[in-house]
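Participant: My questions are about this predicted structure, shown below with the sequence.
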Amino acid sequence: MVVTAFSVALTCAAAAKSAVPVPVPLPRNNPLKNTEQENQQTSKPASVLFSEKKLPSFGRAMAIGYYPRGCLQGGVELPTTGPTWQVMRLSRNRNWGHPELVKFLERFAPLAAEATGWKGILIGDMAQPRGGPLPFGHKSHQTGLDVDIWFMPMPDRVLSKEERENIKASNLVAADGKHVNGKIWSAADVTFIRTAAEQPEVERILVNAAIKEELCRVEGNNDRSWMSKVRPWYGHDDHMHVRLKCPADSPNCEAQPAVPGSDGCDKSLDHWFADWILRLKIPEFGGSSAGLKLKDLPPACTAVLNAPAGPAGAAGAASAATEERPKAR
Ligand SMILES: [Zn+2]
């Protein structure tokens, strides 16, 4: 009863407030109108604007918007070489993320290494320093919560910059697209994917449908509850895409609808093996966001784009650079 009365009072107070709109007079030359920003919103593609920013924005860390339509404030850098990980394709400058993603990777890398017997993991694209659409390669990876991790053990040495540019990840899927490649696939790959799926902050994992089907087959009657997070998607034959849930500090982060409760080892998989789907030439990573304009993103992303560089980002970049030198061969 008390609760009801209280909530009615709250509702009335809110209604009373909104019933009296307070007009805000603006001078003739509206100083709030920023033509430069308006032009920015419609001219260059947002992917170009965001990829030009080499450092993160000032401000507390926050994932803004939706995974394929958003940006990242106060991003942090994952060091390019860690005890159990190495970042690949350094020239892309995509080893940035929300602190939760960096924390996740620093925790997951040793866990995965121990579970699989690998020396460590190879990390592909995360996000640009300020997130946002990417000029090539992905639709998502915009809010600092997505990461691609290769299906390949880290070698027992620090790879050179050139090697990190040129080494190709191993494709686990056979040429027909319907099965895993028995010559490369191993039990460690199952353990690798399961270890990621078991982490509570992981929202979902995208893998090729042939890999998903193989997981269903080998897990058989085991507890497959972890498999509901592992969903089939185009490409993803040489890496898994791990997506984290919206962090608590990011009220403007839009959550993805929850995965269906089932483990996905059912008829819904058949669709992926239809000839016309297999023939589709979807780019390796499942599309591109290169066409989005700044106006297509949440308004806060314009502020993120134009904010000064954050001191944490500059310090992070410097420490990563010095860290790698002594470790190089
Ligand atoms: Zn990805």
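Facilitator: Arrived safely. Numbers count the residues shown, from 1 in each chain.

Participant: ok, and what's touching stretch 224-237?
Facilitator: Applying C-beta atoms under 8 Å, 6 or more residues apart in numbering, the contact partners of stretch 224-237 are 171-173, 193-194, 197-198, 202-212, 215-216, 219, 241, 259-265, 269, 272, 280, 282-287. C-beta here means a position set from N, CA and C on the backbone, and glycine is covered the same way.

Participant: For the ion, tell me which of the residues you listed show up nearby.
Facilitator: Taking C-beta under 5 Å from the ion as the test, the ion is in contact with His241 out of those.

Participant: now the contacts of stretch 224-237: which count as buried?
Facilitator: 171-173, 193-194, 197, 202-212, 215-216, 219, 241, 259, 263-265, 272, 285-286 (16 or more other C-beta atoms under 10 Å).

Participant: Give me the subset of the contacts of stretch 224-237 lying in helices.
Facilitator: 193-194, 197, 209-212, 215-216, 219 (DSSP state H).

Participant: From Val158, how far off is the residue in the chain that the ion sits nearest to?
Facilitator: The nearest approach of the chain to the ion comes at His241, 3.5 Å away (C-beta to the ion). As judged by C-beta to C-beta, to the nearest Å, His241 and Val158 stand 25 Å apart.

Participant: do Gly74 as well
Facilitator: 29 Å.

Participant: tally of neighbours for the residue nearest to Glu100 when sequence neighbours are not counted?
Facilitator: Of all residues not flanking Glu100 in the chain, Pro247 sits nearest, at 4.5 Å (C-beta to C-beta, 6 or more residues apart in numbering). Neighbours of Pro247 under the rule other C-beta atoms under 10 Å: 20.

Participant: Is Pro247 located within a strand, as I assumed?
Facilitator: No: using DSSP: H, G, I helix; E, B strand; the rest coil, the assignment for Pro247 is coil, not a strand.

Participant: so what's the closest residue to the residue of the chain closest to the ion other than its chain neighbours up against?
Facilitator: Among residues not flanking His241 along the chain, Leu206 sits closest, at 4.0 Å (C-beta to C-beta, 6+ apart). Residues counted as contacts of Leu206 (C-beta under 8 Å, 6+ apart) are 231-233, 236, 240-241, 243, 286.

Participant: List the beta-bridge partners for Leu206.
Facilitator: Arg231, His241 (DSSP bridges).

Participant: Show the pLDDT at it.
Facilitator: pLDDT, Leu206: 95.

Participant: Could you name the helices and strands sitting against the helix or strand where Val48 lies?
Facilitator: Per DSSP states H and E, Val48 falls inside helix 46-51. Helix 46-51 is packed against helix 300-306, with contacts defined by 3 or more C-beta pairs under 8 Å, 6 or more residues apart in numbering; DSSP states H and E.

Participant: List the buried residues for the helix it packs on?
Facilitator: Buried residues in helix 300-306 (16+ other C-beta under 10 Å): 300-302, 304-306.

Participant: hang on, the earlier thing: how much space between the residue nearest to Glu100 and Gly220?
Facilitator: 35 Å.

Participant: Kindly report the same for Asp238.
Facilitator: According to C-beta to C-beta, Asp238 stands 26 Å off from Gly220.

Participant: biggest separation within the buried residues of helix 300-306, which pair?
Facilitator: The span of the buried residues of helix 300-306, defined through C-beta to C-beta, is set by Ala300 and Asn306 at 11.1 Å.

Participant: Have a look at Asp238 and Gly220 and say which one is more surrounded.
Facilitator: Taking other C-beta under 10 Å, Asp238 and Gly220 do not tie; Asp238 has more neighbours (19 against 8).
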